[in-house]
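**Student:** I need the structure of the sequence given here:
(2 chains)
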Amino acid sequence: MKTLAELAEIREKMKGKVALREGSNETRIVVGMATCGIAAGARPVLGAFVEKVAQKGLGDRVTVTQTGCIGMCRLEPIAEVFEPGKERVTYVMVTPEMVDRILDEHLKGGKPVWEFTIGAQEKQGE
Amino acid sequence: MIRTHVLICGGTGCNSSGSMKIADALAVELAKAGLQEEVQVVRTGCFGLCERGPVMIVYPEGTFYAHVAVEDAPELVNEHFLKGRIVDRLIYREQGEEQVIPPALSETGFYKTQLRVALRNCGVIDPENIEEYIALDGYAALGKVLTEMTPEDVIKVMKESGLRGRGGGGFPTGLKWEFAAKNISDEKYIICNADEGDPGAFMDRSVLEGDPHAVLEAMAIAGYAIGAGKGYIYCRAEYPIAVKRLNIAIGQAKEYGLLGEDIFSSGFGFDIEVRLGAGAFVCGEETALITSIEGNRGEPKAKPPFPANKGLFEKPTIINNVETLANIPQIILKGAAWFASMGTEKSKGTKVFALGGKIVNTGLVEIPLGTTLREIIFDIGGGIPGGGAFKAAQTGGPSGGCIPAEHLDTAIDYDNLTAIGSMMGSGGMIVMDENNCMVDIARFFLDFTVDESCGKCTPCRVGTRRLLEMLDKITDGNATLEDLDKMEELCNYIKANALCALGQTAPNPVLSTLRYFRNEYEAHVVDKKCPAGVCKKLLRYEILSDKCVGCTLCARKCPVNCISGTVKKPHDIDQSRCIKCGACMDGCKFNAIIKK
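**Tutor:** Numbering: from 1, shown residues only, chains lettered A, B, ... in the order given. Below you'll find the predicted structure:
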């Protein structure tokens, strides 16, 4: 190795990969990955969240994890966003295509995407 | 895209209970579930909680699993890694507590008060991947030293940090480096002493297995500071995993140009080789170690000359212990003041201890110096299994001594331990309870030093042998009080006259037990009794005739047929033929047999 810049380059490249081991961030996106969720297509949704959180540089404050069935199987795939000091937001029937907007408008912009949430879904159902 | 990291301990402890087979099984199950692109299995160094091994931790949740088995792999993959349902039955819970929700690992009693400096990467990174070490600021200290600091600056930082040798001697590291730096020579050497030989000590092994690059980086820094271009790691062949990972690490460091010539275009070059020792305890002594690297039989030499003046191949040489070295990159990065802010007035920083013996959490702990023995044994170690009473802790291995309960609140540092008749040593800590006989403990360590004495000097070769014979006489019940005085005299003679530290410190276990547990020695000598019921020759098994129902079970269990009696009548033990194995007592269903 000839320069400190080369070392810094490896460090930056690898940092994101080991950052996961520092434990959970306060802000979490939790994807329902029970049998019902998986059957409804939760796996590509989880994959999209993981990939795009890293892509958009949110990895240092947002953790993506999975959880079991939360009891609303008909609305799967479900993804919930937990932010410290705020009400949790529940997105239902999520598709990988919706992930971009959730991250941009909600996690970055601070404004939940209303039409994807369970509230909108229930209103529609009435 | 990786979303979950599964860190599984690959240290010697967990390895021997099958952790690498679990890692293989997880890989197979992950592939079956199609998760190999999402979940990464990382084999790390020691987590410290060896008692509960094999252990693994799952991030980002931070779920800590203990006592995992190969058979658990399918459940872990299908429940946790796929569906996010934590496998409750495998979760680590502290003993005696019914926790519904397990606390974060850093909040458990075992980890809460620990402060990890030397062990910071153990159980966090994959030791066989240099890039993971670099991600956590690895080799940044070497870069800083080579591009921004002069050798004098480096030595100044080391002196100001107050770091002292962690191998047992406690000599200030910066001062040692300064001596070697001042010597003018065409070649100098850096040696890493990885010949960890104390029974019950495994700190250095864990650092080498979990974070080998930290040791390599520190050796290169030391080389730059004193003007050495070559380093040797002297490691015992009984540490195959450590040796393997060291060689992988050296290969990777060379490939990345972090060892070899002209590192960071500074003109400084440094090379490291591993030399294997055959496991002789005396080769942990620096002059014997040097002799062994030179290709000769490992025997010590008289000092002076000290290695810093005339060491390996007669050239100025610095020998630092593994744990000492593991602290150095962080001292360079975070500064001397940061390091000096931890610890006590004369003992700075942290110390790693290997907890063993009668303790709930057998394993590896790192604490700031100045922590009390009570905190280590009861808060971190979880106390004595089965609620037994604490009797003593043995520190410093065969060179150290026993610390009795009255000193439980002594703040642990180099000077305090010496003052109470023990020593820091390399950091083995064996906890003993009421069922340990202190004479037997002293005998155990003496037996070890007699075996390990190299035989070069008479005080050690003959002296320790005579000392062991005296101890045998005591445990056999043939000694007199006069023998105790003679024994003490011989101890002091060996201490004063042996050639190297092995002999000079060999009587310590005897002296410290005599100092604190003289009553136990006297019980052996005067009453011909072993209060802890350990020394076989002083034991008697007796059958209580009022409790014995004459079931004949003991007579059938006895391997030497020395129990006689008729059915439904109390039995009797023939003491002259009894071998004190205890099989009769263990077998008796009526508690009719007692040990006296």
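
**Student:** Need the contact partners of the helix-or-strand element of chain A with minimal mean pLDDT.
**Tutor:** Taking mean pLDDT, DSSP states H and E as the measure, helix A:118-125 is the helix or strand of chain A with the lowest mean score, a mean of 75. With contacts defined as C-beta atoms under 8 Å, 6 or more residues apart in numbering or on different chains, helix A:118-125 is touched by A:Met72, A:Leu75, A:Ile78, A:Thr90, A:Tyr91, A:Val92, A:Met93, A:Trp114. Placement of C-beta: from N, CA and C, glycine included.

**Student:** Surely the second one is in contact with A:Cys69?
**Tutor:** This means A:Leu75. No: with contact defined as C-beta atoms under 8 Å, A:Leu75 and A:Cys69 do not form a contacting pair (11.2 Å).

**Student:** For those two, indicate the residue with more neighbours.
**Tutor:** A:Leu75 (21 against 17; other C-beta atoms under 10 Å in any protein chain shown).

**Student:** who's in contact with the residue of chain A positioned farthest from its centre?
**Tutor:** Within chain A, the residue lying farthest from the chain centre (C-alpha atoms, centre = their mean) is A:Lys2, at 39.5 Å. Contacts here follow C-beta under 8 Å, 6+ apart; on that basis A:Lys2 touches B:Gly257, B:Asp262, B:Phe264, B:Ser265.

**Student:** how about the least confident helix or strand of chain A: buried residues?
**Tutor:** Residues of helix A:118-125 classed as buried by neighbour count (16 or more other C-beta atoms under 10 Å in any protein chain shown): A:Ile118, A:Gln121.

**Student:** Off-centre distance for it?
**Tutor:** Taking C-alpha atoms, centre = their mean, to the nearest Å, the mean C-alpha location of helix A:118-125 is offset from the chain mean by 21 Å.

**Student:** Please name the residues that touch the residue of the stretch 201-350 of chain B found nearest chain A.
**Tutor:** Chain A sits closest to B:Gly257 of the stretch 201-350 of chain B, with a gap of 3.9 Å, by C-beta to the nearest C-beta. Neighbouring residues of B:Gly257 by C-beta under 8 Å, 6+ apart: A:Met1, A:Lys2, B:Ile263.

**Student:** okay, now the first one: neighbour count?
**Tutor:** Spelled out, that is A:Met1. A:Met1 - counted by other C-beta under 10 Å - has 22 other residues nearby.

**Student:** Can you give me the domain boundaries for chain B?
**Tutor:** When chain B is parsed with automatic domain parsing, its domains come out as B:4-107, B:130-337, B:350-433, B:438-527, B:540-595.

**Student:** now those domains as JSON lines including mean pLDDT?
**Tutor:** Shown next, in JSON lines, are the domains of chain B (pLDDT from 0 to 100):
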{"stretch": "domain B:4-107", "mean pLDDT": "87"}
{"stretch": "domain B:130-337", "mean pLDDT": "95"}
{"stretch": "domain B:350-433", "mean pLDDT": "92"}
{"stretch": "domain B:438-527", "mean pLDDT": "95"}
{"stretch": "domain B:540-595", "mean pLDDT": "91"}
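
**Student:** JSON lines please, covering the ones you listed and showing distance to A:Glu83.
**Tutor:** Formatted as JSON lines, the domains of chain B follow (distance: least, C-beta to C-beta, whole Å):
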{"stretch": "domain B:4-107", "distance to A:Glu83": "16"}
{"stretch": "domain B:130-337", "distance to A:Glu83": "28"}
{"stretch": "domain B:350-433", "distance to A:Glu83": "35"}
{"stretch": "domain B:438-527", "distance to A:Glu83": "57"}
{"stretch": "domain B:540-595", "distance to A:Glu83": "61"}
